[in-house]
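Colleague: could you work out the structure for the sequence below:
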Amino acid sequence: SYEMPRVCRPTISLSLYYGSLDPASTTFISEQLNPALASFKGYANLNISLVPYGQMVPSFGGGASCIHGTSECALNAYQRCVIDAFDGDAVSALETVACITNRLQNFTDVMAFWFQFKLEAVAAGCIGVVPGFTGAKFGAVEHCHYNYTKNEDLFMQSKNATAEVSMPVAGGPLLTKPDGTALPTSVYTDFQGYLCELLADGDYEQPPACLVAANSTSDPSVAMRASAPEVVQEEPVVA
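Modeller: Numbering: from 1, shown residues only. Got it, this is the predicted structure:
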């Protein structure tokens, strides 16, 4: 099948701040963000920077814990290691996080100690399901996960990044442009519609999903209007 040359595809850079067990965040990742990767493959280069941190609440002893419990803190940490292991491959990182999220949908909160074993088994089940998530990549994630210094470094990076934006009280999700400006709330229920508008406004070719959506309504006012991200640029051809 025909695929557009990379030089003809716009790069859409966004950041997603979320809590790994926040219901609204997991729904957005599973039902909006991850499906868009497949729908827009070959039409746009989606560079989504993931920041799993969410909201923290005070705990005994003057500390803080994740708003959705100790398991969310553990899963946030694990996902940070997944993102770090892919180091710049935003698509594979997102696909792996989405795979883990989908496999944990029916999992109830338990003590963090037991959650570790459940989480590792779930992540291992994503090997091969996500093309870029190999056994070697899983090993890199595990190595990171049990490295206290590495975990602390990634934790502080996500904490500091989250402190720069206005997170929803529930812990996510929050999509922003590269300058930190939040996107309109409509993106959380129609992310593909947002992307379709960006491609249309930039006079880029649109995937079939956009054409189907456009033909499903005769009222153009129903379509979501959105301003383009600050960084929408064409990538050079990679030999």
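Colleague: from now on I want contacts and neighbour counts done on CA atoms only, so please keep to that.
Modeller: OK.
Colleague: mind listing what's buried in stretch 171-191?
Modeller: 171-177, 181-183, 187-188, 190-191 (16 or more other CA atoms under 10 Å).
Colleague: do stretch 57-73 as well
Modeller: When neighbours are counted by 16+ other CA under 10 Å, the buried residues of stretch 57-73 are found to be Cys66, Ile67, His68, Gly69, Thr70, Ser71, Glu72, Cys73.
Colleague: quick check: the fourth one vs Lys159, distance?
Modeller: Using CA to CA, to the nearest Å, we find Gly69 at a distance of 17 Å from Lys159.
Colleague: can you tell me the SS state at Ser13?
Modeller: Classification of Ser13 using DSSP: H, G, I helix; E, B strand; the rest coil returns strand.
Colleague: count of neighbours near it?
Modeller: A count of nearby residues for Ser13, using other CA atoms under 10 Å, gives 18.
Colleague: give me phi/psi at the closest residue to it other than its chain neighbours?
Modeller: Leaving aside its sequence neighbours, Ser13 sits nearest to Asn47 (CA to CA, 6 or more residues apart in numbering; 4.6 Å). For Asn47, the backbone dihedrals are phi -110, psi 90 (criterion: degrees, to the nearest 10).
Colleague: how close does Asn47 sit to Leu183?
Modeller: Using CA to CA, one obtains 15 Å as the distance from Asn47 to Leu183.
Colleague: got it, and Asp201?
Modeller: Where Leu183 is concerned, Asp201 sits at a distance of 16 Å (CA to CA).
Colleague: one more: Ala163?
Modeller: On the measure of CA to CA, Ala163 and Leu183 end up 17 Å apart.
Colleague: how about low-confidence regions in this protein?
Modeller: Within the chain, the ranges that satisfy pLDDT under 70 run 1-7, 62, 105-114, 213-239.
Colleague: could I get the full set of helices for it?
Modeller: Ranges of helices in the chain, per DSSP state H, are 23-28, 34-39, 70-86, 90-103, 112-124, 135-145, 148-163, 191-201, 208-215.
Colleague: out of those, flag the one nearest Thr11.
Modeller: Nearest to Thr11, of all the helices of the chain, is helix 191-201, at 10.3 Å by CA to CA.
Colleague: before we move on, the earlier item: dump the buried residues of stretch 57-73 into a markdown table; add distance to Gly88 as well.
Modeller: Below are the buried residues of stretch 57-73 laid out as a markdown table (distance: CA to CA, whole Å):
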| residue | distance to Gly88 |
| --- | --- |
| Cys66 | 26 |
| Ile67 | 28 |
| His68 | 28 |
| Gly69 | 29 |
| Thr70 | 28 |
| Ser71 | 26 |
| Glu72 | 24 |
| Cys73 | 23 |
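Colleague: out of the residues you listed, flag the one nearest to Gly19.
Modeller: Comparing the buried residues of stretch 57-73 against Gly19 with CA to CA places Glu72 closest, at 7.1 Å.
Colleague: the closest one: what's it in contact with?
Modeller: Taking CA atoms under 8 Å, 6 or more residues apart in numbering as the contact definition, Glu72 lies against Gly19, Ser20, Leu21, Cys66.
Colleague: apply 7 Å and report the result again.
Modeller: Residues counted as contacts of Glu72 (CA atoms under 7 Å, 6 or more residues apart in numbering) are Ser20, Leu21, Cys66.
Colleague: cool, Pro173 as well?
Modeller: Contacts of Pro173 by CA under 7 Å, 6+ apart are Leu16, Tyr17, Tyr18, Ala24, Ser25.
Colleague: do that again at 10 Å, thanks
Modeller: Contact analysis of Pro173 by CA atoms under 10 Å, 6 or more residues apart in numbering lists 16-20, 22-29, 52, 54, 167, 185, 188.
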